[in-house]
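Novice: take this sequence and fold it.
(chains A and B)
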Amino acid sequence: GEDVEQSLFLSVREGDSSVINCTYTDSSSTYLYWYKQEPGAGLQLLTYIFSNMDMKQDQRLTVLLNKKDKHLSLRIADTQTGDSAIYFCAERGNTDKLIFGTGTRLQVFP
Amino acid sequence: EPEVTQTPSHQVTQMGQEVILRCVPISNHLYFYWYRQILGQKVEFLVSFYNNEISEKSEIFDDQFSVERPDGSNFTLKIRSTKLEDSAMYFCASSRDRVTDTQYFGPGTRLTVL
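Specialist: Sure thing, here's the model as predicted:
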């Protein structure tokens, strides 16, 4: 079945770039998403990319998609302490449901 | 900015009791979803709802679960007879359409079954 995998933790220094990686198995993925979850809060949509694109930039966020390798990444430039959160990768194929990864806990230290 | 709201934020119930989790989707959205996240596990899809009927459901969404849009604004998830393993964070989401629009999530309801 479909699966989405992410590394569990990432620790970066404030001001550095963060790169969070995700791999997925569903070759019929149409959209891929990045959600952010802060402690005690819901899932906040950060950005998404359509499967026929290979890059999308939105202010400090850059999404790269390698469809051949089924690899998605989220780069956060100039990472701030407020970026500390759990980041979820999710994909959607031709159905209604989103398939989520385990989430990557990003810790930003001064 | 419009957002999805959910009530209550935390629900504690005894095993075997019925619970109803409530959601108010974004007002011009037509597609509604429930997901859950058991502590330490992935967010899992439960069900999607459109035009007053279920459009897709997962294996988790068995006869103990039901969804309803009782009026023009609320979307509810009912668990008929709760089990310990139903303890999880339940997220509601909504979208304008199924194909191109993203799903916007509420803050979640933490359900604890004792």
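
Novice: might you report the residue contacts of residue 29?
Specialist: As the question left the chain open, I've gone with chain A. Counting by CB atoms under 8 Å, 6 or more residues apart in numbering or on different chains, A:Ser29 makes contact with A:51, A:70, A:91-93. In this view, the C-beta of every residue, glycine as well, is placed from N, C-alpha and C.

Novice: wait, chain B was what I had in mind.
Specialist: Contacts for B:His29 (CB under 8 Å, 6+ apart) come out as B:94-96, B:104.

Novice: excluding its backbone neighbours, what's nearest it?
Specialist: Computed as CB to CB, 6 or more residues apart in numbering or on different chains, the closest residue to B:His29 that is not its neighbour in sequence is B:Ser94, at 3.8 Å.

Novice: pretty sure the one you found contacts B:Tyr33?
Specialist: Yes - the criterion here is CB atoms under 8 Å, and B:Ser94 meets it with B:Tyr33 at 7.0 Å.

Novice: what residues are shared contacts of those two?
Specialist: With contacts taken as CB under 8 Å, 6+ apart, the residues that reach both B:Ser94 and B:Tyr33 are B:Gln103.

Novice: looking at those two, which one has more neighbours?
Specialist: For B:Ser94 and B:Tyr33, the more surrounded residue by other CB atoms under 10 Å in any protein chain shown is B:Tyr33, and the numbers stand at 28 against 25.

Novice: for that one, give its distance to chain A.
Specialist: Distance from B:Tyr33 to chain A, counting by CB to the nearest CB, to the nearest Å: 7 Å.

Novice: repeat that for B:Phe105.
Specialist: 4 Å.

Novice: and B:Gln17, what is it in contact with?
Specialist: B:81-82.

Novice: spell out which parts of chain B neighbour chain A.
Specialist: Residues of chain B found near chain A (CB under 8 Å from any CB of the partner chain) are B:4, B:6, B:31, B:33, B:35, B:41-45, B:48, B:55-56, B:58, B:91, B:93, B:98-99, B:102-108.

Novice: buried ones among those residues?
Specialist: Neighbour-count burial (16 or more other CB atoms under 10 Å in any protein chain shown) applied to the residues of chain B next to chain A gives B:4, B:6, B:31, B:33, B:35, B:42-45, B:48, B:56, B:58, B:91, B:93, B:98, B:102-108.

Novice: dump the C-alpha coordinates for stretch A:26-44 into PDB.
Specialist: Provided in PDB are the C-alpha atoms of stretch A:26-44 (Å, rounded to 0.1, in the frame of the first residue of the first chain):
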ATOM      1  CA  ASP A  26       2.600   5.900  -4.500                       C
ATOM      2  CA  SER A  27       3.400   6.500  -8.100                       C
ATOM      3  CA  SER A  28       0.000   8.000  -8.800                       C
ATOM      4  CA  SER A  29       0.600  10.800  -6.400                       C
ATOM      5  CA  THR A  30      -1.000  14.000  -7.700                       C
ATOM      6  CA  TYR A  31      -0.200  16.500  -4.900                       C
ATOM      7  CA  LEU A  32       2.400  16.500  -2.200                       C
ATOM      8  CA  TYR A  33       2.100  18.700   0.900                       C
ATOM      9  CA  TRP A  34       4.000  20.000   3.900                       C
ATOM     10  CA  TYR A  35       2.100  20.600   7.100                       C
ATOM     11  CA  LYS A  36       3.500  22.100  10.300                       C
ATOM     12  CA  GLN A  37       2.300  21.200  13.800                       C
ATOM     13  CA  GLU A  38       3.200  23.300  16.800                       C
ATOM     14  CA  PRO A  39       2.800  21.900  20.300                       C
ATOM     15  CA  GLY A  40      -0.900  21.600  21.100                       C
ATOM     16  CA  ALA A  41      -2.000  22.900  17.800                       C
ATOM     17  CA  GLY A  42      -3.500  21.500  14.600                       C
ATOM     18  CA  LEU A  43      -1.900  20.800  11.200                       C
ATOM     19  CA  GLN A  44      -1.100  24.100   9.500                       C
END
